[in-house]
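J.: Please find the sequence and the predicted model below.
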Amino acid sequence: MPTVKNAVIAAAGLGSRLGHGKPKCLVEIDGVSILSHLLSLLNDVEDVRVVIGFEERAVISEIKRIRPDVIAVRNPDFRSTTTLHSYAAGARYLKGDCLFMDGDILFEPDSFKRFVATCKPDRPRLAITKTKTKDAVFLDLEGDMVTRLRRGEPSEYEWANVAWLPVGFFEHLENTPVFEHLAQFMPIEAGILTSYEIDTETDLLQAQQNRHLFCLDTAATAGALAP
């Protein structure tokens, strides 16, 4: 029986650094939106919530097209809050643990599935990936434990913006980045996967060049989501 029963995707932001004028979750590679890719990976998770804000109607339309049972959660303050608040909004009324992730990431499916398979109750985990950009959230790693998340001097690995965490981690919030909020809960166990976050045009180009890793095939994606 799958351990991961809840997942929250933060997809409320403006995507201003990418500059496509739409939420990054709706950006397409080979005709497949990032959101479609993410939801295909979460096909076995029974309660999936997508936190929306910017161009929310367009995101809702994409959710309904792909997987109508997914819950859209509004973050009306998306222009003035961080992803931290989107995570908290998405996890509201949930109990136990939840898989939290950003809505602008492509994952190599097998590595993502391996990470999810290691998620156990009351055992927080952070997904990390090989460093690919200069503007990532880098980390200090001791064995298999992340002891610190930070900006600044690059490290071998960066945080993949995916975490398996108790929902209680998102109480008593301040308007800070997620990685700063998580500092109070360190150390946290790490799991390695392959991912590409899409923040800039350079990131998008890099992901397009590595599209073979993500199985971004429209027919295959549709089949994975079929009931």
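T.: The structure has been received and is ready for your questions.
J.: and I71, what does it touch?
T.: When contacts are counted by CB atoms under 8 Å, 6 or more residues apart in numbering, I71 touches D47, V48, R49, V50. The way it works is simple: take the backbone N, C-alpha and C, and place the C-beta from them, glycine included.
J.: out of these, who's nearest H85?
T.: Distance to H85 across the contacts of I71 (CB to CB) is lowest for R49, with 13.9 Å.
J.: what's across from that closest one in the sheet?
T.: On the basis of DSSP bridges, R49 is bridged to V8, I71.
J.: which ones are touching it?
T.: N6, A7, V8, I9, V70, I71, A72, V73, G90, A91.
J.: ok, now I192?
T.: I192 makes contacts with S111, F115, A127, I128, T129, Y157, as judged by CB under 8 Å, 6+ apart.
J.: who wins for neighbours among the contacts of I71?
T.: Among the contacts of I71, V50 has the most neighbours (other CB atoms under 10 Å), with 27 neighbours.
J.: still on that earlier bit, with the contacts of R49 in mind, which one is nearest to L173?
T.: A91 (11.3 Å).
J.: Distance of the residue lying closest to the closest one once chain neighbours are set aside relative to N43?
T.: Using CB to CB, 6 or more residues apart in numbering and skipping residues adjacent in sequence, the residue nearest A91 is V167, 4.3 Å away. According to CB to CB, to the nearest Å, V167 stands 22 Å off from N43.
J.: Looking at these two, which has the bigger crowd around it?
T.: Shown here are V167 and N43; by other CB under 10 Å, V167 has more neighbours (20 against 12).
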